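A.B. asks: Quick one, structure for this:
(2 chains)
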Number of protein chains: 2
Amino acid sequence: MATFQTIRGFRDFYPDDCALRNYLFDTWRDLAMRYGFAEYEASPLEPTDLYRRKSGDEVVEQLFQFQTRGGEDVSLRPEVTPSVARMIGAKMRDFPRPVKWFEIGQCFRYEKPQKGRGREFYQWNVDILGEESPGADAEVIALAIDCMKAFGLGPDDFSVRISDRRIWDGFAVEKGIGAEEFEGFLRIIDKWEKLPEEKLAAMLKPSGVSYREVVDFMADPSLLDAVLEPVSASLAARGLGGFLKQDPTIVRGLAYYTGVVFEIFDLRGDLRAIAGGGRYDSLVKLIDGKSEMPAVGFAMGDMVIGLLIEQAAASAAQLKDALPAQADAYVVVGDEPQRPDALRLVQELREAGVRTDMPLSAVKFGKQFGMAEARGARVAVIVGRDFPVVKVRNLAARDDLEVDVTDVLDAVVTALC
Amino acid sequence: MATFQTIRGFRDFYPDDCALRNYLFDTWRDLAMRYGFAEYEASPLEPTDLYRRKSGDEVVEQLFQFQTRGGEDVSLRPEVTPSVARMIGAKMRDFPRPVKWFEIGQCFRYEKPQKGRGREFYQWNVDILGEESPGADAEVIALAIDCMKAFGLGPDDFSVRISDRRIWDGFAVEKGIGAEEFEGFLRIIDKWEKLPEEKLAAMLKPSGVSYREVVDFMADPSLLDAVLEPVSASLAARGLGGFLKQDPTIVRGLAYYTGVVFEIFDLRGDLRAIAGGGRYDSLVKLIDGKSEMPAVGFAMGDMVIGLLIEQAAASAAQLKDALPAQADAYVVVGDEPQRPDALRLVQELREAGVRTDMPLSAVKFGKQFGMAEARGARVAVIVGRDFPVVKVRNLAARDDLEVDVTDVLDAVVTALC
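C.D. replies: As a prediction, the model looks like this:
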């Protein structure tokens, strides 16, 4: 009989991995809430047309798509932004603007699994809807930066590469690149740092623009300086200006961006994107069919940042603190007839909020201390023949205290503090 | 252009719904950790054969099943227990026994959506593996009961109906019901309270057992008394014995149960199952192909308990507390040239952990207080022409305090306490 494997590109989170995942989630959630964002969660399964309409071809080719028993054409979400646009479009008037929302949810893309990339991953999605001012762009970028800092990463570890797609709108008009060619043109710019000159020049040929013209255009910082000034000023006022790096090659792969776009890059490794986002002022109307709703947001996946956190020596202690012991107190049944007394005590400790474990069947006295250690317990409470007098043992200090059963909770709490 | 709908039977959690969901999750997680359980998370997509092998026909007929682009036959999980069995089977020796694990995860079943039942739902799964003693059965049942109590529900609201499938093993031997008929026979018992006598009698006919024989067998409590005595004693010692109600008609729908089975029932409404579980000593070996691993566990879905919590007037206050304000403090930009000062202050408050919001573009002075109210803020910090002197306003008490900007954090924290 064959045993079952985890599906390729998918993960099982065993307890240690799950604790690291929860540390990530807790940090994301805490930071977003400090910034006044409210949490939501969209359906993980969506009509496939939601992605056909606006995510771009690359995303659609990677969908986990199928028909339900009822004949619906559905896909596991590859990203959350179209769902946010759908949700806000459906209840436009229920939420005072600006709408500040975040979600932590699983996404699915049929890609080639590799280090830092799976077919399933979690994403932290942060969006501000109903605010067209650059102050909103700065707000989401500031949150992304503060999150990196919360993970112990600083200016030597990452930078925020930022641009604005509208500079390319102007370039396209100037050079006569038509609307139907524009998405393809942006895809060339997106690959600017990854491909050699001759390749890029060949790709540009159909648009009638030369490699040199693009290089010259990008060499002049004044256009980006002007368009990004309010965002830069807002981040500088917050003390976060030092992380910004203007970079006209940043255009982002997704089709729906309309203005400011940015990516957070790892400076120590292979310049991977840790997070990315931008302004998507037309998406809600495209999905909803009626309502204008300017929007800006970003997403951070769990896999690349997870690797960076594990690599960052500085946060090793922080990481370890994030992994809670499975139990803080362990009640040792010294004498099996005392099991009901031990059970009552366990119940009392748990009701008081102490993470408490005990043997579930008769186990030799000495072996129970090994079980206590395996759980990470710092205190053992030994219930035996002297009951109602019990021993509270500080397992690190190897310190014994004999107390009446009515004083056990106090003694345990003291030992744990 | 058509607008998009949420897929039938699926949910979007808007912020208020998400806050209630998080309250559920936090309670589940907190309780499980008090009991010394460690959190894990299995892949949400599994090989379809994992369910074909042992979940039972009803579950298989409701799968969201499809082929991936790579040709894998996969299903969104309809339940988590087979995944736990797969995970523990793969790393049998890595975890000291008993293994105490819990998961909070989404499951998917193509059922007819109705009140308290969707095609997508969250489940809290709690399992003890590697412990055959009834102490483990009692441990998971105690946790389920304590969870109900944590939601403010008591003995008038729910009971734990408990039985043991092995009494039916004995009955089958005595009455000559063959192994191949046994699962079908249990399915009749499962429907005992829902169907009329003549229907049950007709269904029993092929097995050669009469309605009366089953009734007589169930009328004698001595068999269940004996087999459930250790579980009952353990729960009584914990002060939780009063919730138990022996009920031989409880057999649970899933095919893999081998011993104690139980369901938590709503006593106020239509006797719906809120949670259910039992012992499944053979499942790990069936899935893993080699290892013996006794196991017991239960699952509680989020939908029925969510309805009960909303209905329980007693916990309305508790519920409201569970919905955090979107921001506690709101920084009002009294004078637009002071925006950089306001941004710096917002950054300081957020760094100190205060949930803080502010207008992202120029907004009229009076309107900003409406925005503060919409966010649920209790404190406004007004930054204007007198900077570095700012006003800290307690919005409930309508109390103003003028402080130097260096003292704002203290003043805000004081006002929030």
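
A.B. asks: how close does residue A:76 sit to residue A:66?
C.D. replies: When distance is defined by Cβ to Cβ, to the nearest Å, residue A:76 is 9 Å away from residue A:66. Bear in mind the C-beta positions are built from the backbone N, C-alpha and C, glycine included.

A.B. asks: Compare those two (neighbour count), which wins?
C.D. replies: residue A:76 (23 against 19; other Cβ atoms under 10 Å in any protein chain shown).

A.B. asks: pretty sure the more buried one is touching residue A:45, no?
C.D. replies: Yes - with contacts counted by Cβ atoms under 8 Å, residue A:76 reaches residue A:45, the gap being 6.1 Å.

A.B. asks: how about the closest residue to residue A:111 other than its chain neighbours, phi and psi?
C.D. replies: Ranked by Cβ to Cβ, 6 or more residues apart in numbering or on different chains and with sequence neighbours excluded, the top spatial neighbour of residue A:111 is residue A:62, at 5.7 Å. Dihedral pair for residue A:62: phi -110, psi 10, per degrees, to the nearest 10.

A.B. asks: who touches residue A:62 in this structure?
C.D. replies: By Cβ atoms under 8 Å, 6 or more residues apart in numbering or on different chains, the contact set of residue A:62 is A:78, A:109, A:110, A:111.

A.B. asks: what about residue A:198, is that helix, strand or coil?
C.D. replies: helix (DSSP: H, G, I helix; E, B strand; the rest coil).

A.B. asks: Residue A:163 and chain B: what is the separation?
C.D. replies: 21 Å (Cβ to the nearest Cβ, to the nearest Å).

A.B. asks: what do you get for residue A:308?
C.D. replies: 21 Å.

A.B. asks: is it true that that residue touches residue A:264?
C.D. replies: No - counting by Cβ under 8 Å, residue A:308 stays clear of residue A:264, with 10.4 Å between them.

A.B. asks: what is in contact with those two at once?
C.D. replies: residue A:274.

A.B. asks: who's more crowded, those two?
C.D. replies: Taking neighbours as other Cβ under 10 Å, residue A:308 and residue A:264 compare with residue A:264 leading, 27 against 22.

A.B. asks: Need phi/psi at the more buried one.
C.D. replies: Residue torsions, per degrees, to the nearest 10, at residue A:264 are phi -90, psi 130.

A.B. asks: domains of chain A?
C.D. replies: Residue ranges of the domains in chain A are recorded as A:15-319, A:329-416, according to automatic domain parsing.

A.B. asks: Mind telling me which of those domains the model trusts least?
C.D. replies: Per-segment mean pLDDT for these reaches its minimum on domain A:15-319, at a mean of 92.

A.B. asks: now that domain: how far from the chain's centre is it?
C.D. replies: 12 Å (Cα atoms, centre = their mean, to the nearest Å).

A.B. asks: What of stretch A:357-365?
C.D. replies: For stretch A:357-365, the distance to the chain centre is 40 Å (Cα atoms, centre = their mean).

A.B. asks: Mind exporting the C-alpha coordinates of it to CSV?
C.D. replies: In CSV, the C-alpha atoms belonging to stretch A:357-365 read as follows (Å, rounded to 0.1, in the frame of the first residue of the first chain):
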residue,chain,number,x,y,z
ASP,A,357,0.1,19.0,30.7
MET,A,358,0.1,15.6,32.5
PRO,A,359,0.4,11.9,31.7
LEU,A,360,-2.8,10.5,30.3
SER,A,361,-2.2,7.0,31.6
ALA,A,362,0.0,5.4,34.3
VAL,A,363,3.7,6.3,33.6
LYS,A,364,6.7,5.6,35.8
PHE,A,365,7.6,8.4,38.2
